[in-house]
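Participant: Okay, here's the prediction I keep looking at, along with the sequence it came from:
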Amino acid sequence: MSALQNIRKGLSSTGSSIIVAVLIFGLVATFGGFLTDPSAPSNSPLKINGKNISFGEYNLEFSRISTLFSESDVSEEIINEVTRNSIISKELIYQKALDLKMNVSDDYVNSLIANDLSFQTNDEFDTALFSGYMARLGLTVNDYRELVKSKYLANSLSDFISRSEFSLDSSALNFIQATNQQRSVSFFKLDLIEISEKEKIPESEILNYYQQNQFRFIEPKKVAVNYILLNENIYKDSLEVSTQEILEERTLLEEGKENSQTRVSHIQLSFSSDEEKKEKLNTANTIFKKLSESTTFESLVEEYSDDFGSNSNGGDLGYTDGTILPEEFESEIKNLSVNDISQIIEMPGSVHILKVTEKNEFLFSDAEIKEMILSNKSQEILNQSLLNIEDNYLGLTLNALSSDLNLKVQKSGQFDNENFPEELLSFNVTDEIFDQDDVSPEFFGPYEDEAGNFLLFEISEVKQETLLSQSDAQSEITKILQLEQAKDTILQELEKYEAKAIANELSDFTSYSLIKRDSSLLPDNLLSDLFTVDLENPVFISSQENGDIYVVRLTKIKNSKNLAKKDDIEAAKNSLRSLNSRSYLDTFFKELESNSFIN
């Protein structure tokens, strides 16, 4: 059973609580939900070995868990139970860590808090924000430091316990043998849909169901619309751009462009005396020699540059437009092309070698310039069309607009909220359309979406919400009742085929020989069960989420006789450590809990 399944059942066993604890322990706070969630508890009922759990800690954990399962069908009662189990797990393991003299420095705890994104504004720790959260939680700064410390040490001890689990070679070999084992099986599938299709439903039952469940057969309101979509693209095909226009636009672009952006990397060699300067100049000459021998600039940055702000990223200084870097740099850069290396540049206190890595120069093709011109022209026509529509056509139909402005009117079929036309979704006009109860004598709009498209629409058909007649609903009702009746029939069939499986009368069964654990021939849960039974009790039942039921008999087990390789044994040990660590941690927690006082 999964952790989430345990949570859904509201289990309070130590097994469930330790699983939750492993999931929930964390150092990053979750404040948003707590500060807005009205369902957060108003008090903390917990006292663990004499230590009271504060209102702030309890509600902070409640908020964290609520957020974790916000998209799952988990009740508030279960969230409270999980919160309680999580805090108990954390606190008991933390107290044990203190008994073992484990500790963490105050400076490290402070760094964990400072790096928590919940307390940051513009990537910096916000003292006012932090103080506000603490006030809302009813915690002092030292209270919160203690909470972070407790989570950190509980995590550390849990991790140590998990990683200290070991596996023997013999266990690994058994694991490999079990993994590679093959099993033969015979099964009979009771298909719920197939059985339901054979069920006979009397007319009286169909009528009775219809009368008692009419709310299920209400057909929602449907509408149809006529609409026009406007954007700059609808005009482009009718426009032309001359060679002269392209030439003029290129000239304007070149005259109006700012200095190009150039990206530069450098190697910095700093000095503090004339003697040291000579050494750095010799080093620079060594660098040039290595460059001539095909050593990469980036590797030389890492080896020689003492600019610790850039030597870890290839010496990158970013972009300059000719005015950002020192004049000594800029005068050298303007004479360099991409991948060119500068001469040695001497500065007070340092010498530099530059490399140009990028130049964003004016490189538009004729086709790109033509597209710019077309876009500008069509946008201008679109703007004029929209002004014309607002000035002269409001209150009219789309047909009048279409004939005058040569615009295409498109027609939708009938639709409801569940199958709204995809091409209209971006305009967010669902309410405007379904609020209309009659065919409209004029169009609505224009409405604009985020991509700069415009919509005009009018209502062409309205079909109000209606109750389907019994004859129209008959097919759907029949299928519903057939499925319900089939659920009883399938149980009767189950008894018959289970008896056959036990008696080893398998003539009606499907058989597969020597399948492995990762086979795709059978449903996953059936396959999992197949490898847990033995030949002494070979028959089992496997129910599927879709209502199908399998009656299964294990018929043969074949163990692998291949010798395991060393790498396979190590991989098996790692798998066993992972599988066993949670069990080991659970055992550790049970021992802690049995010697504790919790109320």
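Facilitator: Thanks, I have it.

Participant: buried ones in stretch 116-128?
Facilitator: 116, 119 (16 or more other CB atoms under 10 Å). (C-beta placed from N, C-alpha, C; glycine too.)

Participant: In a helix, Ile459, correct?
Facilitator: No: applying DSSP: H, G, I helix; E, B strand; the rest coil, one finds Ile459 to be strand, outside a helix.

Participant: tell me the pLDDT at it?
Facilitator: The model reports Ile459 with a pLDDT of 96.

Participant: same thing with Ser594?
Facilitator: 79.

Participant: same deal with Ile93?
Facilitator: 89.

Participant: how is this structure carved up into domains?
Facilitator: Domain assignment for the chain by automatic domain parsing gives 3-163, 182-203+472-558, 222-239+368-464, 258-360.

Participant: any chance of those domains in JSON lines, with distance to Phe588 too?
Facilitator: Listed next are the domains of the chain as JSON lines, based on distance: least, CB to CB, whole Å:
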{"stretch": "domain 3-163", "distance to Phe588": "6"}
{"stretch": "domain 182-203+472-558", "distance to Phe588": "27"}
{"stretch": "domain 222-239+368-464", "distance to Phe588": "52"}
{"stretch": "domain 258-360", "distance to Phe588": "42"}
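
Participant: averaging pLDDT over each of the ones you listed, which comes out lowest?
Facilitator: Among the domains of the chain, domain 3-163 scores lowest, with a mean of 75.

Participant: Now find how far off-centre that domain is within its chain.
Facilitator: Taking CA atoms, centre = their mean, to the nearest Å, one finds the center of domain 3-163 at 23 Å from the center of the full chain.

Participant: now do stretch 271-282
Facilitator: On CA atoms, centre = their mean, the centre of stretch 271-282 falls 54 Å from that of its chain.

Participant: Next: stretch 315-322.
Facilitator: Worked out by CA atoms, centre = their mean, stretch 315-322 lies 36 Å from the chain centre.

Participant: Identify the residues contacting it?
Facilitator: 258-268, 297-298, 301, 305, 307, 310, 325, 329-330, 333-334, 355, 357-358, 360 (CB atoms under 8 Å, 6 or more residues apart in numbering).

Participant: List the ones among those that fall in strands.
Facilitator: 261-268, 355, 357-358, 360 (DSSP state E).

Participant: Now the helix or strand containing Ile228: buried residues?
Facilitator: Using DSSP states H and E, the element containing Ile228 is strand 222-230. For strand 222-230, burial by neighbour count (16+ other CB under 10 Å) applies to 222-230.

Participant: Equivalent analysis for stretch 534-546, please.
Facilitator: Those would be 538-540, 542, 544, for stretch 534-546 by 16+ other CB under 10 Å.

Participant: before we move on, the earlier item: for PyMOL, what selects the buried ones among the contacts of stretch 315-322?
Facilitator: Command for PyMOL, covering only those of the contacts of stretch 315-322 found buried under the criterion 16+ other CB under 10 Å:
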select buried, resi 260+262+263+264+265+266+267+268+297+298+301+305+307+310+325+329+330+333+355+357
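
Participant: Who does the closest residue to Glu448 other than its chain neighbours form a beta bridge with?
Facilitator: Leaving out its chain neighbours, the residue that sits closest to Glu448 by CB to CB, 6 or more residues apart in numbering is Phe454, at 5.4 Å. Applying DSSP bridges to Phe454 yields these beta-bridge partners: Leu230, Glu448.
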